[in-house]
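# Build me a model:
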Amino acid sequence: MPETITINGHSIEPGEQKQIELNIARLPTHTNIDLPIHICRSTEDGPVLLLTGGLHGDEINGVEILRRMIHSDLLMPDIGTIIAIPLVNTYGFIQNIRGLPDGKDINRSFPGNESGSLASLMAYTLVNQILPHVDYGVDFHTGGDARANYPQIRCEWKVEENREIAKAFSPPIIVDSSVIDNTFRKSAQDEGTPILVYEGGETLRFDEFAIQEGIDGTLRLMKYLDMLDEAPGTQETEIYDTSPWIRAHYGGLFQHEAKLGDHVSEGQLLGYISDPYGELWAEVKSPEKGRIIGLNNAPVVYKGDALVHIGCDLLKTI
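So this is what the prediction gives:
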């Protein structure tokens, strides 16, 4: 960790706690859109941990995780530095949408381009202004649309550094997940910075269990990195190698019987698809043993829609 961290001309010294703002662009109304960044530095040298929420504007649980930690003064480390960006995609947040007004997804726009689209510009800013200072990171997400995710960490399990910080976070579930091109996690990995993706809850709804798991896991990770002396205790974590979605064979009304987080056996009834006229009643069963890590809460589904996300091939329990 350098003696002075400088971001966009703002200098943050050891022992300082500051909020700075990066100007990204402005709306057609000439209203500026700024990116507020909270930086908390100990007087003692140590790692720099980046925490980001709201990369997708309608995924608000990550925003709330970081808001509560800022409000409760939980981000001031004993050693090292925390860089927290509670709301990356202010445009999407304002409009309750995943992406940006031009329809682009920031998390498919990395590493970005200074002269590109708004999504590409925001990605470029994160990669060039923030990532060079960072040693580790956690990017907080939720399920998309009406799909809820059970609290989980996604990382490439074959990478030792990823394994160690994922285990330190101690979520209920870890899913071995390859990086996707043009994502924040991929760009960070290319720069040698391990980023965990935390998933919990669904869009536009607070999920207290997922929020608390996110807070507790962050504190555990901080303790593992020697940034804190105390943190919540660890819990049993199941690590899954694969995670297929069970999809609808018919369009209709989906009613689930199994619940998010349930362990299920092969052939177990997960729910039903019916139609509005009482003519269709089709069972949805689990094709294999596993655990429900994601669930579609939308009652109206089309053929091929994702219904139930199953964590399969349990690697180990720790």
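
# and the helix or strand harbouring Gln152, average pLDDT?
Using DSSP states H and E, Gln152 maps to strand 147-155. Averaged over strand 147-155, pLDDT sits at 98.

# Tell me if I am right that Gly271 is in a helix.
No - per DSSP: H, G, I helix; E, B strand; the rest coil, Gly271 lies outside any helix segment and is strand.

# Return the distance of the nearest residue to it once chain neighbours are set aside relative to Val308.
With sequence-adjacent residues excluded and distances taken as Cβ to Cβ, 6 or more residues apart in numbering, Gly271 is closest to His256, at 3.8 Å. All C-beta atoms are positioned from the backbone trio N, CA, C, and that covers glycine. For His256, the distance to Val308 equals 7 Å [Cβ to Cβ, to the nearest Å].

# do the same with Gln255
Taking Cβ to Cβ, one finds Gln255 at 12 Å from Val308.

# joint contacts of the two?
The contact sets of Gln255 and Val308 overlap at Gly271 (Cβ atoms under 8 Å, 6 or more residues apart in numbering).

# When these two are compared, which one has more neighbours?
Neighbour comparison, Gln255 and Val308: the larger count goes to Val308, with 27 against 11 (by other Cβ atoms under 10 Å).

# Name the residues of the helix or strand in which that one is found that are buried.
Using DSSP H and E, Val308 sits within strand 306-317. Residues Ala306, Leu307, Val308, His309, Ile310, Gly311, Cys312 are the ones in strand 306-317 that count as buried (16 or more other Cβ atoms under 10 Å).

# And for stretch 209-224?
Those would be 210-211, 213-224, for stretch 209-224 by 16+ other Cβ under 10 Å.

# Ile33 is in contact with Glu21, correct?
No - using Cβ atoms under 8 Å, Glu21 makes no contact with Ile33, being 10.0 Å away.

# neighbour-wise, which of those two wins?
For Glu21 versus Ile33, neighbours defined as other Cβ under 10 Å are more numerous around Ile33 (16 against 12).

# part of a strand, is the more buried one?
Yes - the assignment for Ile33 is a strand, going by three-state DSSP.

# circling back: out of the buried residues of stretch 209-224, which comes closest to Leu270?
If you rank the buried residues of stretch 209-224 by distance to Leu270 using Cβ to Cβ, Ala210 comes first, at 21.1 Å.

# Next up, phi/psi of that closest one, please.
phi -70, psi -40 (degrees, to the nearest 10).

# Pull the contacting residues for it.
Ala210 makes contact with Asn61, Thr142, Asn149, Pro151, Gly200, Gly201, according to Cβ under 8 Å, 6+ apart.

# my guess is the fourth one meets Gly214, correct?
The one in question is Pro151. Yes - between Pro151 and Gly214 there is a contact under Cβ under 8 Å: 7.2 Å.

# Find residues that contact each of the two.
Tyr198, Gly200.

# Closest to Ser243 out of the buried residues of stretch 209-224?
The closest of the buried residues of stretch 209-224 to Ser243 turns out to be Ala210 (Cβ to Cβ; 17.2 Å).

# low-confidence ranges in the stretch 1-150 of the chain?
Within the stretch 1-150 of the chain, the set of residues satisfying pLDDT under 70 comprises 1-2.

# And for the strand holding Val308, what's in contact with it?
Residues contacting strand 306-317 (Cβ under 8 Å, 6+ apart): 147, 149, 152, 157, 173, 175-176, 236-248, 254, 256, 258, 264, 270-271, 284, 286-296, 301.

# Ramachandran angles for the residue of the chain most remote from its centre?
Centroid-distance maximum for the chain: Glu279 at 40.4 Å, with Cα atoms, centre = their mean. For Glu279, the backbone dihedrals are phi -100, psi -20 (criterion: degrees, to the nearest 10).

# residues touching it, list them.
No residues are in contact with Glu279 under the rule Cβ under 8 Å, 6+ apart.

# now it: how far from Asn8?
61 Å.

# Report the separation between the closest residue to Tyr91 other than its chain neighbours and His249.
Leaving out its chain neighbours, the residue that sits closest to Tyr91 by Cβ to Cβ, 6+ apart is Leu100, at 5.0 Å. Leu100 sits at a distance of 35 Å from His249 (criterion: Cβ to Cβ).

# out of the two, which sits in the more crowded spot?
Leu100 (21 against 12).

# correct me, but that one touches Asn89?
Yes - taking contacts as Cβ under 8 Å, Leu100 lies within contact range of Asn89: 7.0 Å.

# just to revisit the earlier point, with secondary structure, pLDDT and distance to Asp135 added, can I get the buried residues of stretch 209-224 in CSV?
Conversion of the buried residues of stretch 209-224 to CSV gives the following (DSSP: H, G, I helix; E, B strand; the rest coil; pLDDT from 0 to 100; distance: Cβ to Cβ, whole Å):
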residue, secondary structure, pLDDT, distance to Asp135
Ala210, helix, 98, 26
Ile211, helix, 98, 25
Glu213, helix, 98, 23
Gly214, helix, 98, 20
Ile215, helix, 98, 21
Asp216, helix, 98, 21
Gly217, helix, 98, 17
Thr218, helix, 98, 15
Leu219, helix, 98, 17
Arg220, helix, 98, 17
Leu221, helix, 98, 12
Met222, helix, 98, 12
Lys223, helix, 98, 15
Tyr224, helix, 98, 13
